[in-house]
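K.L.:
here is the input, now give the coordinates:
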Amino acid sequence: MSPALNPSSSTSTASVASLSLRPLPANKSQVEIDSSSNEGKQNNMTPGSRTFFEKSPEGALARQAYLKVFLGGTFMVILMIFTILPIYWGALWKIPTRNLHGWVVDFDGGLIGQTVSQALGSNQGGQSRVTWTVIPATNFPGGPQQLSDAVRDEHIWTAVSINPGSSSRLTAALAAPNASYDGSEVITAYGVEARNENALHARCFIEDDGSTNRPERCQFDNPSFDSGHITTDRHLACLLHNSQPHSIPYDQPVATASTFVGMLYQLIMGFFIVMIAQGAREASGFQRTLSTKGLIILRLSSAFFAYFMISLFYCLLNLAFQLDVTRKFGRGGFMVFWMVNYVGMLAVALALESLFTLLTTRGIPFFMLLWIIINLSVSIFPIEVMPGIFRYGYAAPFYNLSRALRTIVFGTKNHVGQSIGILLAWIAISCITLPLIQFLVRRNESRASVANEETGQSIPNDDSDKTLGQQQVRGPVDEKEKDVVNN
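P.N.:
Numbers count the residues shown, from 1 in each chain. Below you'll find the model as predicted:
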């Protein structure tokens, strides 16, 4: 019979088409095998199903994956210490390598003007940080004010003016000593500190060796000048040596890298380790398969090991740029320097490790920014001159780390023990909060997993369950449909 004469043909074809779009029902044994295998996979990924030193093939692969990511990332951070950080250390090493340029202008024209001009003009080496050029006063018809304007307009970095009438005023003061004489009016030094606040911090003028009696600097031909008069010596000292000697000078410019900016670099490297360790735990599956205790031990031991090695190579970088760490503790200074940096890195970086579990990758960058600002804010100026709200800085990691490093590098008053004690307190806080936060997060995850399993019993999760569920919705398949599918 032709299809046109068979009215049931189109119906049968449509029925077959509709059946072909439906999932094929699985038999009962296949469903049981699939469900048992899925349960086995889930059991292998549950907390506590694996240990770090497990000897099974799966455990060895997981351990290998973790060590590969973690140790590889730590090595890259160490490599960064010797390839990227030296750019900044090199900028501070042997500063200054060249002198600034300065002008000396004698508006006095007398004995003081000639003496000071010759002294500065001939003091081109040694401790001088400025190459002085004596400029005739006729180039500045406007007097010292025009010289000040030239410095402001950045024609020169610094300038010294021997003010008009300085010699005559000194002559009168020597002939009839009086308390009204102001030696600060003799010489005026000009500089624009806002142009570069670090340029004029160096001792640019004649170095003071601490002596206050130097009458040999000036030769007086006037017999009325008594070279043994105390007033004469005081005036000359005020003229030529108006800088105050520092009992402990900041004479290692490269130390700025370790006592200030380097602390920020340590925190950033700690952040790298936090992210690398998290990636290693995810890649190996330890984040899900280790027990809570095992996960806590893994996180802490990894952090302590990584910062131990990174702090060592960080300290070696400072030695490579000839930072002297032997002034306070002699040959043992390097070990003290290393341990202080190690404890300091643990203090700032373990706080990130502790809160990472709670804040996750989305929130930890914001806490890191807050952590940096809190620490740097109290490390620039003395806390004594800052508003009272910043007195928290006495307990801040950066402040105590910087104070301990200054003792080692420059030999300031020994506060290393107190500073390390505060840093160890921060480490202890992190070692307490990290297990607590990890425990709470794991407990919440377990409760959420149990709740999902209870609510998901009637909700299929994999393809076999979906097929079985569709069969239950459709009901039993009749014999005609089975024959069509088999054919």
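
K.L.:
and Ala255, what is it in contact with?
P.N.:
Ala255 sits next to Leu323, Leu405, Arg406, Val409, Phe410 when contact means C-beta atoms under 8 Å, 6 or more residues apart in numbering. Just so you know, the C-beta spots here come from the backbone N, C-alpha and C atoms, and that holds for glycine as well.

K.L.:
with Arg299 instead?
P.N.:
By C-beta under 8 Å, 6+ apart, the neighbours of Arg299 are Ala277, Arg281, Glu353, Leu434, Gln438.

K.L.:
top of these by number of neighbours, please.
P.N.:
Glu353 (25 neighbours; other C-beta atoms under 10 Å).

K.L.:
surely that one meets Thr433?
P.N.:
No. Using C-beta atoms under 8 Å, Glu353 is not in contact with Thr433, being 9.8 Å away.

K.L.:
quick one: the residue lying closest to Ser354 once chain neighbours are set aside from Val441, how far?
P.N.:
Closest residue to Ser354 apart from its sequence neighbours, by C-beta to C-beta, 6 or more residues apart in numbering: Leu434 at 4.1 Å. Leu434 sits 11 Å away from Val441, going by C-beta to C-beta, to the nearest Å.

K.L.:
find residues that contact each of those two.
P.N.:
Joint contacts of Leu434 and Val441 (C-beta under 8 Å, 6+ apart) are Thr357.

K.L.:
still on that earlier bit, what's the closest of the contacts of Arg299 to Thr131?
P.N.:
Glu353 (51.5 Å; C-beta to C-beta).

K.L.:
the closest one: what secondary structure?
P.N.:
Three-state call for Glu353 (DSSP: H, G, I helix; E, B strand; the rest coil): helix.

K.L.:
state the distance from it to Leu346.
P.N.:
Counting by C-beta to C-beta, the gap from Glu353 to Leu346 is 10 Å.

K.L.:
what's the overlap in contacts for these two?
P.N.:
Shared contacts of Glu353 and Leu346, defined by C-beta under 8 Å, 6+ apart, are found at Ala303, Ser430.

K.L.:
quick one: low-confidence residue ranges for the stretch 351-487 of the chain.
P.N.:
456-487 (pLDDT under 70).

K.L.:
could you give the number of residues near Ser148?
P.N.:
Based on other C-beta under 10 Å, the number of other residues close to Ser148 is 18.

K.L.:
now do the contacts for the residue nearest to it when sequence neighbours are not counted.
P.N.:
In this structure, Ser148 finds its nearest non-sequential neighbour in Tyr190, 5.1 Å apart by C-beta to C-beta, 6+ apart. Contact partners of Tyr190, counting by C-beta under 8 Å, 6+ apart, are Leu147, Ser148, Val151, Thr158, Ala159, Val160, Ser161.

K.L.:
now the strands for this structure?
P.N.:
100-106, 130-135, 158-162, 187-191 (DSSP state E).

K.L.:
report the buried members of the contacts of Ala255.
P.N.:
Buried members of the contacts of Ala255, scored by 16 or more other C-beta atoms under 10 Å, are Leu323, Leu405, Arg406, Val409, Phe410.

K.L.:
thought Gln322 was touching the fourth one, still the case?
P.N.:
It stands for Val409. No. Val409 lies out of contact with Gln322 (C-beta under 8 Å); the separation is 11.8 Å.

K.L.:
mind checking how far the closest residue to Gln278 other than its chain neighbours is from Arg447?
P.N.:
Counting by C-beta to C-beta, 6+ apart, Gln278 lies nearest to Phe356, which is 6.6 Å off, once chain neighbours are set aside. Using C-beta to C-beta, Phe356 is found at 21 Å from Arg447.

K.L.:
so which of these two has more stuff around it?
P.N.:
Neighbours were counted for Phe356 and for Arg447 using other C-beta under 10 Å; Phe356 has more, 23 against 10.

K.L.:
surely that one is in contact with Arg362?
P.N.:
No. Counting by C-beta under 8 Å, Phe356 stays clear of Arg362, with 10.8 Å between them.

K.L.:
report the contact partners of the residue nearest to Ser354.
P.N.:
Taking C-beta under 8 Å, 6+ apart as the test, what Leu434 contacts is Ile296, Arg299, Leu300, Leu350, Glu353, Ser354, Thr357.

K.L.:
please report how far it lies from Ala428.
P.N.:
For Leu434 relative to Ala428 (C-beta to C-beta), the value is 11 Å.

K.L.:
ditto for Glu384
P.N.:
Using C-beta to C-beta, Glu384 is found at 28 Å from Ala428.

K.L.:
looking at these two, which is more packed in?
P.N.:
Counted by other C-beta under 10 Å, Glu384 and Ala428 do not tie: Ala428 has more neighbours, with 12 against 6.

K.L.:
shaky segments in the stretch 1-150 of the chain?
P.N.:
Confidence mapping of the stretch 1-150 of the chain against pLDDT under 70 gives the ranges 1-45, 123-128.

K.L.:
returning to that earlier point: by neighbour count, which of the contacts of Tyr190 wins?
P.N.:
Most surrounded of these: other C-beta under 10 Å gives Ser161, at 27 neighbours.

K.L.:
is that residue bridged to anything, and to what?
P.N.:
Beta bridges link Ser161 to Val105, Thr188 when assigned by DSSP bridges.

K.L.:
that one reaches Asp108, doesn't it?
P.N.:
No. Applying C-beta under 8 Å, one finds Ser161 not in contact with Asp108, separated by 9.1 Å.

K.L.:
what about the residue nearest to Leu355 when sequence neighbours are not counted, how many residues nearby?
P.N.:
For Leu355, ignoring the flanking residues on the chain, the nearest one in space by C-beta to C-beta, 6+ apart is Phe367 at 5.7 Å. By the criterion of other C-beta under 10 Å, Phe367 has 15 neighbours.

K.L.:
quick one: contacts for Phe367?
P.N.:
Applying C-beta under 8 Å, 6+ apart, the residues near Phe367 are Leu352, Leu355, Leu359.

K.L.:
what residues are up against the first one?
P.N.:
To tie it back to what came earlier, the one meant is Leu352. Here Leu352 is in contact with Leu267, Gly270, Phe271, Val274, Ile364, Phe367, Met368, Trp371 (criterion: C-beta under 8 Å, 6+ apart).

K.L.:
mind doing that once more with 6 Å?
P.N.:
Contacts were defined as C-beta atoms under 6 Å, 6 or more residues apart in numbering; by that measure Leu352 touches Phe271, Val274.
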